[in-house]
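K.L.:
with the input below, show me the fold.
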Amino acid sequence: MFVICPVRSGSTLLRVLLNSHPDICAPHELHLRFVRVQFERHYAELSMKELGLEQDELEYMLWDRVMHRELVASGKRILVDKTPGNATFHERLVAGWPDARFIFLLRHPASIVASLMETRPDRELGTTVKEALTYLEGVEEARNSVPGLVVRYEDLVADPAAVTQQLCRYLSVRWDPRMLAYGQARHGTFRAGIGDWTVKIRSGRVQPGRALPDPADVPEGLRPIAEAWGYLP
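P.N.:
Reported below is the predicted structural model:
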């Protein structure tokens with residue numbers, strides 16, 4: 001299963017809640033799109049083609065093996081990859097795993113930009129909006145292309161029990177209250193580059209979300225997505 005989401009959308013929180021379920025393995029971000037197969041000699045490419053394997057098929061085999069290894073090590077039966085880069089990569093995910101289920105995690109676009117701005121003091125608003133739009137537009141394209149369950153970050157932090165119950169129904173597993181106590185389970189390292197690393201996620205408890213921005217304060221470039229996602233009238 002794959003989560004399609006923007007950066008700073010609460011995907012690490014979603015990950016640890018899912019990973020706290022006894023049947024669900026949700027590892028740190030895998031960044032599969034940057035794990036590539038390369039032919040260093042032409043005869044290596046020739047050899048693989050004789051086996052009927054193109055470069056993209058070899059990459060699918062590699063990615064599938066990585067995920068299978070993680071799933072087996074966890075002792076669970078469902079694996080979830082929540083890498084935000086999946087938002088610009090969904091076509092290959094669908095092609096490689098046509099039976100996969102998808103979760104679309106949404107958050108107010110202006111809140112995403114505000115959260116990004118807090119990650120580095122040298123950020124500028126204009127460039128940060130453009131960066132966020134790369135993911136936001138990817139999520140919107142994927143959401144309009146493949147079926148899946150839509151989850152809002154704001155709902156997740158307001159009522160994590162109800163949202164995790166919805167997620168469990170979608171994944172055909174029984175809801176487990178241990179999902180809400182994610183701080184009692186082991187989730188690996190929280191560090192930049194493979195997920196959220198801030199104080200909130202390290203607290204082990206679902207924290208309240210920031211107040212939604214005033215509609216008048218939403219940057220112009222974000223307004224179409226904010227409208228499409230129901231955050232603006």
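
K.L.:
what about residue 37, how many neighbours?
P.N.:
Here the number of neighbours of residue 37 (other CB atoms under 10 Å) works out to 16. Just so you know, the C-beta spots here come from the backbone N, C-alpha and C atoms, and that holds for glycine as well.

K.L.:
give me the pLDDT for the nearest residue to it once chain neighbours are set aside.
P.N.:
Setting aside the residues directly before and after it, residue 37 is nearest to residue 58 in space (CB to CB, 6 or more residues apart in numbering), at 4.4 Å. Note on residue 58: pLDDT of 97.

K.L.:
kindly report the same for residue 223.
P.N.:
pLDDT recorded at residue 223 is 97.

K.L.:
surely it and residue 232 touch.
P.N.:
Yes - checked against CB atoms under 8 Å, the pair residue 223 and residue 232 is within contact range at 6.3 Å.

K.L.:
returning to what we had before: packing partners of the helix or strand hosting the residue nearest to residue 37?
P.N.:
For residue 58, the element it lies in under DSSP states H and E is helix 55-74. Packing contacts for helix 55-74, counted by 3 or more CB pairs under 8 Å, 6 or more residues apart in numbering; DSSP states H and E, involve strand 24-25, helix 42-50, strand 78-79, helix 90-96.

K.L.:
out of the ones you listed, which comes closest to residue 174?
P.N.:
Among these, the nearest to residue 174 by CB to CB is strand 24-25 (11.2 Å).

K.L.:
re earlier: how about the helices and strands packed on helix 55-74, which one is nearest residue 112?
P.N.:
Closest approach to residue 112 among the helices and strands packed on helix 55-74 (CB to CB): helix 90-96, 18.2 Å.

K.L.:
contact partners of the closest one?
P.N.:
2, 4, 33, 56, 60, 63-64, 86, 100, 102, 138, 141-142, 145-146 (CB atoms under 8 Å, 6 or more residues apart in numbering).

K.L.:
repeat the analysis, applying 6 Å as the threshold.
P.N.:
Residues outside helix 90-96 that contact it (CB atoms under 6 Å, 6 or more residues apart in numbering) are 2, 4, 60, 142, 146.

K.L.:
what about the last one, how many residues nearby?
P.N.:
It stands for residue 146. By the criterion of other CB under 10 Å, residue 146 has 18 neighbours.

K.L.:
could you dump the helices and strands packed on helix 55-74 to TSV with mean neighbour count, distance to residue 159 and mean pLDDT?
P.N.:
Shown next, in TSV, are the helices and strands packed on helix 55-74 (neighbours: other CB atoms under 10 Å; distance: least, CB to CB, whole Å; pLDDT from 0 to 100):
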stretch	mean neighbour count	distance to residue 159	mean pLDDT
strand 24-25	22	19	98
helix 42-50	11	50	95
strand 78-79	18	23	98
helix 90-96	16	28	96
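
K.L.:
can I get these in CSV with distance to residue 115?
P.N.:
Conversion of these to CSV gives the following (distance: least, CB to CB, whole Å):
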stretch, distance to residue 115
strand 24-25, 25
helix 42-50, 43
strand 78-79, 27
helix 90-96, 22
